[in-house]
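**Q** here's my sequence, what's the structure:
(one chain, ligands or ions: 1)
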Amino acid sequence: MTDLTSLTIAEARAGLASKSFTARELTDAHLAAIEAARVLNAYVLETPERAREMAKAVDEKIAKGEGGPLAGIPLGIKDLFATRDIRTTACSKILSNFIPPYESTITSQLWRDGAVLLGKLNNDEFAMGSSNETSCFGPVTNPWRREGSNTTLVPGGSSGGSASAVAASLCMGATATDTGGSIRQPAAFTATVGIKPTYGRCSRWGIVAFASSLDQAGPIARSVRDAAILMCSMAGHDPKDTTSVDIAVPDYEAAVGKSVRGMKIGIPKEYRLDGMPAEIEKLWSEGAAWLKAAGAELVEVSLPHTKYALPAYYIVAPAEASSNLARYDGVRYGLREGAKNIIEMYENTRAEGFGAEVRRRVLIGTYVLSAGYYDAYYLRAQKVRTLIKKDFEDCFAKGVNAILTPATPSAAFGIGEKGADPVEMYLNDIFTVTVNMAGLPGIAVPAGKDAQGLPLGLQLIGRAFDEETLFSLGEVIEQAAGRFTPQKWW
Ligand SMILES: NC(=O)C[C@H](N)C(=O)O
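**A** Modelled structure (predicted):
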């Protein structure tokens, strides 16, 4: 029998429909794979009993012909999504004992459609990081290794557990969130597909907040089609999230395989960085050539404010984080450290509960929002944000359908390699943050490998609420590049 964990969601859906295997068998195969791969540290909580119960219930529904669009598909959930009665920590010590009495909208929609919960996935603490090394549960290991080397590499972050688990076939797909690149960068580091939808496309209700004007959830999967299938369940208006937009959810899967003939693809000259590895340049040109061969037209475009995006992001995101994280005070929920009085209790709880990167961001955020510095930093960063948004609007007004860029400036790096200088870590987001600043959708698709055999990804940026075009174009790249799976060593 084929290894059930190697199937795509689309293949598993067909297998379940033709009764080649049951949801219970599919779930059991994944639970066994998870157990055998604990060395990757992708899961921070395994929920095998819940998974088997859910799979059994789905099998009964399938037998009655009532299975939903994701019936029996086993998924992993980033530990930033609240799951009712199941510990949800954001991978922070401060939430280590938090068991939500409610379910996030996105996960509710996945269970409504028949998906099965395998467990909660590791991430950078409060989604702050690009390597999954800031988690209170320790770093996640990338299932990919350099050829001939056994150095352990990061899977990227902050959705490192999601990317690692999907790449290593420890789930068929995963939820993830992206504030500045947290879906797309780990997808690029692990040869998986990750899409950050338009801001407002998916509900943020029940997801632990980092920077509310930038946070957006999306799927990580092993193929463009699988990402589209998951998006159909995850997207949609939610009255509980006032920033979610009431626009009908299209059939994203129908966009996969659609012709891209006549589409105009922008190649932004500002993304050609000094000192960019030749392999990334080559990948980028190859991707453009594949789209051209499929009938798209390539045009050079300019996004002149790109160089300000990263510094502006690292003002806006910490500012919002400092405000959002003020709620963790030891009074309402989460960790509470003992003290002589309430002020000391706040101080002790927050000092003990937050890791170094989170503390750094709270400090930066508090500083840039403080009287006297607000105008110089926060207000200016917001103005820059408007200019970045306008760059994209100008470009799309000229008829450009999507923009092609590299997803990351390098392939995956070693665990511990970039710990010393936070700015070096922040540079990982150089190609992805503009998309969050402008609220646009962006997809990362595996497109090739570097000289050491590590995967590299390309990013496509679309117009607001036009994820469909990204799925169509993404599939062209996937077809041309092929799909990559890591060699199993764990
Ligand atoms: N959350 C994200 O999108 C990750 C980004 N690297 C950050 O640390 O802010």
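**Q** quick one: buried residues of the lowest-mean-pLDDT helix or strand in the chain?
**A** Within the chain, no helix or strand scores below helix 422-426, which has a mean of 89 by mean pLDDT, DSSP states H and E. Within helix 422-426, the residues scored as buried using 16 or more other CB atoms under 10 Å are 422, 425-426. Glycine gets a C-beta too; all of them are placed from N, C-alpha and C.
**Q** equivalent analysis for stretch 129-140, please.
**A** In stretch 129-140, counting by 16+ other CB under 10 Å, buried: 129-137, 139-140.
**Q** same check, this time on stretch 326-345
**A** Applying 16+ other CB under 10 Å to stretch 326-345 flags 328-330, 334-337, 345 as buried.
**Q** over to stretch 236-252?
**A** Buried residues in stretch 236-252, counted by 16+ other CB under 10 Å: 236-238, 241, 244-245, 250, 252.
**Q** doesn't Ala10 belong to a helix?
**A** Yes - using DSSP: H, G, I helix; E, B strand; the rest coil, the assignment for Ala10 is a helix.
**Q** how about the contacts made by it?
**A** Residues in contact with Ala10 (CB atoms under 8 Å, 6 or more residues apart in numbering) are 223, 225-226, 229.
**Q** if we use 7 Å, what do you get?
**A** 225-226, 229 (CB atoms under 7 Å, 6 or more residues apart in numbering).
**Q** same question, Gly236
**A** Gly236 neighbours (CB under 7 Å, 6+ apart): 109, 249.
**Q** distance of it relative to the ligand?
**A** From Gly236 over to the ligand the distance is 22 Å, taken as CB to the nearest ligand atom, to the nearest Å.
**Q** if we can go back for a sec, out of the buried residues of helix 422-426, who's nearest Val358?
**A** Pro422 (12.0 Å; CB to CB).
**Q** got any ranges where the protein has weak pLDDT?
**A** Where the chain drops to pLDDT under 70, the residues are 1.
**Q** what residues does it have near the ligand?
**A** 127-130, 158, 178-182, 210, 317, 429 (CB under 6 Å from any ligand atom).
**Q** could you point out the longest helix of the chain?
**A** Within the chain, and with DSSP state H defining each element, the longest helix by residue count is helix 380-397.
**Q** can you pull out the helices in the stretch 1-150 of the chain?
**A** 9-17, 23-36, 48-63, 105-112 (DSSP state H, counting those that start in this stretch).
**Q** sorry, wrong one. I was asking about the stretch 201-350 of the chain.
**A** Secondary structure of the stretch 201-350 of the chain (DSSP H, counting those that start in this stretch): helices located at 224-234, 252-255, 278-293, 309-324, 342-353.
**Q** tell me what the shortest one is packed against?
**A** Just to be clear, that refers to helix 252-255. If you count contacts as 3 or more CB pairs under 7 Å, 6 or more residues apart in numbering; DSSP states H and E, helix 252-255 packs onto helix 224-234, helix 467-481.
**Q** hmm, back to that, out of the contacts of Ala10, which is nearest to Val358?
**A** Closest approach to Val358 among the contacts of Ala10 (CB to CB): Asp226, at 32.1 Å.
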